[in-house]
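# quick one, what's the 3D model for this:
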Amino acid sequence: QAWQWRWAGYTHRRLTPCTLWTTGFPPTTCLDVGLDGKLYTGDEDGGVGVWSTLTDTRIQTLHGHGDSVRALVVGKDGTVYTASDDLTIRLWSGEDGSHRQTLHGHTHAVMCLAVGADGTLYSGSHDKTVRVWTHPRGGSPGLCISTDNSVLSLAPSNDGKLYSRSVDKTIRMWSGLDGSPGFTRGTLEGHTD
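Got it, this is the predicted structure:
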């Protein structure tokens, strides 16, 4: 059932839950929506599902990863980036789903991806690194930042900073990712979950 309530002038609504599309497909590990309205899902079997949000159907499956897809992000140019337990990052065309490139560099599962406002791709891994791919189609990372623990999520800000969350329950703020000295600017601690 749907419900709604008001608090401090805000109206909160609970949407009626529904399950769409998933029957008969592998479990989904991550998802993102492209500017064209297509929904992309990363699957435990290494596939990438492409869904039509107009017809509520899976219209394509992209194959290439040899293990579970852990992260997926769609860039502003429509490029679909996927990361996997197979240690790779793959770039796909958002137009036709064709494989464009495979990026190598991590030595353990790649757990998270983010794309900055300038198109820079960031990846975080269980190998305790954040990699900065300033020109992802060039194939090699411009910068590799070592961290103390596995990196689980990333968030670039519009002012050039990058935030990373690690398994040790810390959030690190990075600046100077253009190669200037003094990468880390701070560590936020105190998370209990």
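# from here on, just use CA atoms for contacts and neighbour counts.
Fine.
# look up how far residue 77 lies from residue 128.
29 Å (Cα to Cα, to the nearest Å).
# from memory residue 64 sits against residue 49, does it?
No: Residue 64 is not in contact with residue 49 according to Cα atoms under 8 Å; the separation is 12.0 Å.
# output the contacting helices and strands for the host helix or strand of residue 49.
Assigned by DSSP states H and E, residue 49 belongs to strand 48-52. Here strand 48-52 touches strand 39-43, strand 57-62, going by 3 or more Cα pairs under 8 Å, 6 or more residues apart in numbering; DSSP states H and E.
# starting at the chain centroid, how far to that strand?
Mean C-alpha position of strand 48-52 versus that of the full chain (Cα atoms, centre = their mean, to the nearest Å) differs by 16 Å.
# what's the angle from that strand to strand 39-43?
With axes from the mean of the first three to the mean of the last three Cα atoms, to 10 degrees defining the directions, strand 48-52 sits at 150 degrees from strand 39-43.
# sheet-wise, list the partners of strand 48-52 with their directions.
According to DSSP bridges, strand 48-52 forms sheet pairs with strand 39-43 (antiparallel), strand 57-62 (antiparallel).
# residues in contact with the first one?
Right, the one you point to is strand 39-43. Contacts of strand 39-43 with the rest of the structure, by Cα atoms under 8 Å, 6 or more residues apart in numbering, involve 26-34, 48-53, 68-72, 82.
# ChimeraX command for the buried members of those residues?
This is the ChimeraX syntax for the buried subset of the contacts of strand 39-43, where burial follows 16 or more other Cα atoms under 10 Å:
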select :28,29,30,31,32,33,34,48,49,50,51,52,68,69,70,71,72,82
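# just the ones of the contacts of strand 39-43 in strands?
Under the assignment DSSP state E, those contribute 28-33, 48-52, 69-72, 82 to strands.
# quick one: which two of these are the most distant?
Spanning the widest gap among the ones in strands among the contacts of strand 39-43 are 52 and 70, at 21.4 Å by Cα to Cα.
# helices of this structure, residue ranges please.
For the chain, no helices are identified by DSSP state H.
# who does the residue nearest the centre of it form a beta bridge with?
In the chain, the residue lying closest to the centroid (Cα atoms, centre = their mean) is residue 113, at 3.5 Å. Beta bridges link residue 113 to residue 123 when assigned by DSSP bridges.
# need the contact list for it.
Contacts for residue 113 were tallied using Cα under 8 Å, 6+ apart; they are 71, 72, 73, 81, 82, 83, 121, 122, 123, 124, 153, 154.
# quick one: pLDDT of it?
Residue 113 carries a pLDDT value of 97.
# follow-up on the earlier one: the strand holding residue 49 versus strand 28-33: what angle between them?
Relative orientation of strand 48-52 versus strand 28-33 (the same axes, to 10 degrees): 50 degrees.
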